[in-house]
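1. Any chance you could fold what I've pasted below:
(2 chains)
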Amino acid sequence: MALKTWRELPIGCVVSEPGSASEYHTGSWRSQRPIWDNKKCIKCGICYVFCPEGCVQQAEDGFFVANMDYCKGCGICAHECWPRAIAMIEEG
Amino acid sequence: MGKRIGMEVAVAVAEAVGLCNIDMAAVYPITPQSHIAEHLSDLVANGEIDAEFVTVESEHSAMSAVIGASGAGARAYTATSSQGLMYMHELLPIASAMRLPITMAIANRAVSGPLNILNDHTDIMPQRDSGWISIFVENGQESIDMSIIAFKIAEHKDVMLPVNINIDGFQLTHMVEPMDMPTQEEVNKFLPPFVPHATLHPARPVTMGAFAMSDYFTEIMKAKDEALKNSKKVILEVWDEWGKMFGRSYKPVETYKADDAEVLMLTMGSMGETAQMAIDELRAKGIKAGLIKLRLWRPFPVAEIKAVVKNAKKMIVTDRAISFGGPGGPVFSEIKSALYADSQRPLIYNYIYGLGGRDVPVHDFVDMFQKVLADTENKAVDTYEFWGVRE
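-> Numbers count the residues shown, from 1 in each chain, chains lettered A, B, ... in the order given. I've put the predicted structure just below:
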């Protein structure tokens, strides 16, 4: 999507479309990503509870995954995971 | 037309705002602005105007409240001074970025420390880059005229920016002056209802004051700068309209005997009328002195300044604030940079004066001119001096 010029901005940058913040993929800020080792995961859900972005979801098999559109790579899930099933790896 | 009144200027300002069909006001009292807050709250409490007066607990809250109210589509007003304005500071660029046409009176007062309640311009100068339209007034009549005019400028569809009106604290706010107060009918005719560019309403949800990163921030700043620069056209139109309706015309740069002047002085606010008397004295002695009164501070009237100074040999820029450790007073710096590229420009001197309410009588203005004329080797050009400081 082409970025708007200054002339095309609405007055006061009013956002008239509700919920449009979801189109802003904050995952682009990420420098590290969480990787789950499901052999160690006990499905306690602490990563799901602590994720400040609410982007950790539980899959049908009971294990957890992060939505990479919104995961900022903060590492809180990895820090809180007491079975140490989550590793933070550098983005390539 | 209108009615002739004798009234304290701060009270008259509140009266004038009371004629403007405001929807809400949030004003926290602070000397020397308090009489505006008090009288406006009286008008609301007595049922003389149909508006909400929000009794906030601080100036930070006052500015926040008017931002919210303006966002909801209300014609919103506030007033403050000195520390109160400093406390509003972080919200000022937000109001302008959101393009909310708030109107604010500032009863200019020295900023602490040390604590001082008297008049100078050290409160408004740090707000210079907030993106507000900024107007300085010279007397009581102008204070009430601008208080009404400001709504029309701010709310014009091609402007949509907040406006502050700088009224020298005590020197103007606490003077009892004769003024022509427009009638309600006249103000109704002059001032159309406020049509906001967007409003906060549950049925039509919008987000105001959202988030923008490096991909958009530059474009947003550019759009804001253009909006402020373009507001000048509307300011001129509205002043012209006011002049036709009320017989009192305003210009971004007023002059007094400046046409053939060899030495010019520039003042802002209430000092202009005193300086004018000095000009008369000097003219009586055969000295070609003239005066420039800068009414419009933002958007800065570069072209108008250039036009009036081009034939002068010397120019005194007076400042009622200081940029510590900087190249001179804030007005001096701006005038100098505005004229830098012109080959035909006067030599410029800067006097910083009238700080913390120090009186500047007519003979001080005369002395400034004499001192500049005596500087035949131009040694004091491009420097600044604290006028009247005890050495």
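
2. List phi and psi for the closest residue to chain A within the stretch 51-200 of chain B.
-> Nearest residue of the stretch 51-200 of chain B to chain A, counting by Cβ to the nearest Cβ: residue B:99, 3.5 Å away. The C-beta positions use only the backbone N, C-alpha and C, and glycine is treated the same way. Backbone torsions of residue B:99, given as degrees, to the nearest 10, read phi 60, psi 50.

3. Local confidence estimate at the residue of the stretch 251-391 of chain B at minimum distance from chain A?
-> Closest residue of the stretch 251-391 of chain B to chain A, Cβ to the nearest Cβ: residue B:299 (17.1 Å). On pLDDT, residue B:299 comes in at 98.

4. Would you mind confirming that the residue of the stretch 51-200 of chain B closest to chain A is in contact with residue B:226?
-> No: Residue B:99 lies out of contact with residue B:226 (Cβ atoms under 8 Å); the separation is 11.9 Å.

5. Now do the same contact list for residue B:84.
-> For residue B:84, the contact set (Cβ atoms under 8 Å, 6 or more residues apart in numbering or on different chains) comprises B:28, B:30, B:33, B:59, B:62.

6. can you give me the helices in chain A?
-> Ranges of helices in chain A, per DSSP state H, are A:46-50, A:76-80.

7. Present the ones you listed as JSON lines; the columns should include mean neighbour count.
-> Below are the helices of chain A laid out as JSON lines (neighbours: other Cβ atoms under 10 Å in any protein chain shown):
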{"stretch": "helix A:46-50", "mean neighbour count": "16"}
{"stretch": "helix A:76-80", "mean neighbour count": "18"}
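
8. got a winner among the contacts of residue B:84 for most neighbours?
-> When neighbours are counted by other Cβ atoms under 10 Å in any protein chain shown, residue B:33 leads the contacts of residue B:84 with 30 neighbours.

9. May I ask you to confirm that residue B:349 belongs to a strand?
-> Yes: under DSSP: H, G, I helix; E, B strand; the rest coil, residue B:349 falls within a strand.

10. Bridge partners for it, pull those for me.
-> Residue B:349 has these beta-bridge partners by DSSP bridges: residue B:316.

11. can you tell me how far the residue of the stretch 51-200 of chain B closest to chain A sits from residue B:272?
-> Separation of residue B:99 from residue B:272 (Cβ to Cβ, to the nearest Å): 31 Å.

12. give the contact list for the residue of the stretch 251-391 of chain B closest to chain A.
-> Contacts of residue B:299 were listed using Cβ under 8 Å, 6+ apart, and they are B:133, B:228, B:229, B:231, B:232, B:235.

13. Now the buried members of the residues you listed.
-> B:133, B:228, B:231, B:232, B:235 (16 or more other Cβ atoms under 10 Å in any protein chain shown).

14. Does the fourth one belong to a helix, a strand or coil?
-> Same thing as residue B:232. For residue B:232, the assignment made with three-state DSSP gives helix.

15. ok, the closest residue to it other than its chain neighbours to residue A:65 distance?
-> Counting by Cβ to Cβ, 6 or more residues apart in numbering or on different chains, the nearest residue to residue B:232 once its immediate chain neighbours are dropped is residue B:299, at 4.8 Å. Distance, residue B:299 to residue A:65, by Cβ to Cβ: 53 Å.
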